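Chemist: 3D model of this:
(chains A and B)
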Amino acid sequence: DAKTTQPPSMDCAEGRAANLPCNHSTISGNEYVYWYRQIHSQGPQYIIHGLKNNETNEMASLIITEDRKSSTLILPHATLRDTAVYYCIVRVANRDDKIIFGKGTRLHILP
Amino acid sequence: DTEVTQTPKHLVMGMTNKKSLKCEQHMGHRAMYWYKQKAKKPPELMFVYSYEKLSINESVPSRFSPECPNSSLLNLHLHALQPEDSALYLCASSQGDPKNTEAFFGQGTRLTVV
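Modeler: Coordinates of the predicted model:
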């Protein structure tokens, strides 16, 4: 079973920051938080991951709370191309650990 | 090259047919995955291969038979499928460096069983 809880859907205006929350209250000390997104009819795409520090890359920022029980993915300037289902996943960073998808958040970017 | 290539992109098969899905990656990844995704649902894990050995089978029916002939290739053999097996089948790969274990997914094979 997925170890994360996300809102089923969110709207965000184009050009604004999209903040996607994720709860993972049962996360273990050796589990990372990963974010993927899936644009309609395509394979999931990796966005970012982190253990306990905040992370930033060219796509997004990941903010993890100090107790690690929740996190927020931030898309700083959302565009229409960011419309997708966003999945928050908790997993141990071993090569063959399961990658279990929850229901995700369907993000709609509004023009 | 950060691609996972899946073939065919689309497949229609009868319930008595035998077919295979193919997945290929040249990133040196030693873990490879098969997922099944129904419409408007998240991907469901089917199998995980680690160093060409089956490490996880999520109680998948035997009409689905995975095979990993070498470190770059992953096949999914299909036999006697049911219409409810129609779905998008996704392949993924990842490597074991704890700092860089993101999985790369292919674009999937859309399977229709008639």
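Chemist: where does chain B come near chain A, residue by residue?
Modeler: Proximity of chain B to chain A, by CB under 8 Å from any CB of the partner chain, involves residues B:4, B:29-31, B:33, B:42-45, B:48-50, B:55-56, B:88, B:90, B:92, B:94-96, B:98-99, B:101-108. Quick note: C-beta positions are derived from backbone N, CA and C, even for glycine.
Chemist: The closest residue to residue A:7 other than its chain neighbours and residue A:11: what is the separation?
Modeler: Leaving aside its sequence neighbours, residue A:7 sits nearest to residue A:105 (CB to CB, 6 or more residues apart in numbering or on different chains; 5.4 Å). Residue A:105 sits 11 Å away from residue A:11 when distances are taken as CB to CB, to the nearest Å.
Chemist: hang on, the earlier thing: can you tell me how far the residue nearest to residue A:7 sits from chain B?
Modeler: 11 Å (CB to the nearest CB, to the nearest Å).
Chemist: where does that residue fall, phi/psi-wise?
Modeler: Dihedral angles of residue A:105 (phi, psi; degrees, to the nearest 10) stand at phi -120, psi 130.
Chemist: so it makes contact with residue A:82?
Modeler: No - using CB atoms under 8 Å, residue A:105 makes no contact with residue A:82, being 11.9 Å away.
Chemist: Can you work out which residues contact both of residue A:105 and residue A:11?
Modeler: Here residue A:105 and residue A:11 share no contacting residue, scored by CB atoms under 8 Å, 6 or more residues apart in numbering or on different chains.
Chemist: In terms of neighbours, single out the busier of those two.
Modeler: Ranked by neighbour count (other CB atoms under 10 Å in any protein chain shown), residue A:105 and residue A:11 place residue A:105 first, with 21 against 10.
Chemist: Need the contact partners of the helix or strand harbouring residue B:88.
Modeler: Assigning secondary structure by DSSP states H and E places residue B:88 in strand B:87-94. Contacts with strand B:87-94, where a contact means CB under 8 Å, 6+ apart, come from A:41, A:43-44, A:95, A:99, B:4, B:6, B:21, B:23, B:25, B:27, B:29, B:31-39, B:43, B:74, B:76, B:101-106, B:108-111.
Chemist: residues of stretch A:36-51 that come out buried?
Modeler: A:36-38, A:43-44, A:46-50 (16 or more other CB atoms under 10 Å in any protein chain shown).
Chemist: my bad, should have said stretch B:64-74
Modeler: B:64, B:66, B:68, B:71-72, B:74.
Chemist: ok, so of these, who is nearest residue A:68?
Modeler: residue B:74 (33.2 Å; CB to CB).
Chemist: beta partners of the closest one?
Modeler: Counting by DSSP bridges, residue B:74 is bridged to residue B:23.
Chemist: neighbours around residue B:19, how many?
Modeler: There are 17 residues near residue B:19, going by other CB under 10 Å.
Chemist: thought it was touching residue B:12?
Modeler: No - using CB under 8 Å, residue B:19 is not in contact with residue B:12; the gap is 9.4 Å.
Chemist: Appreciated, that's everything.
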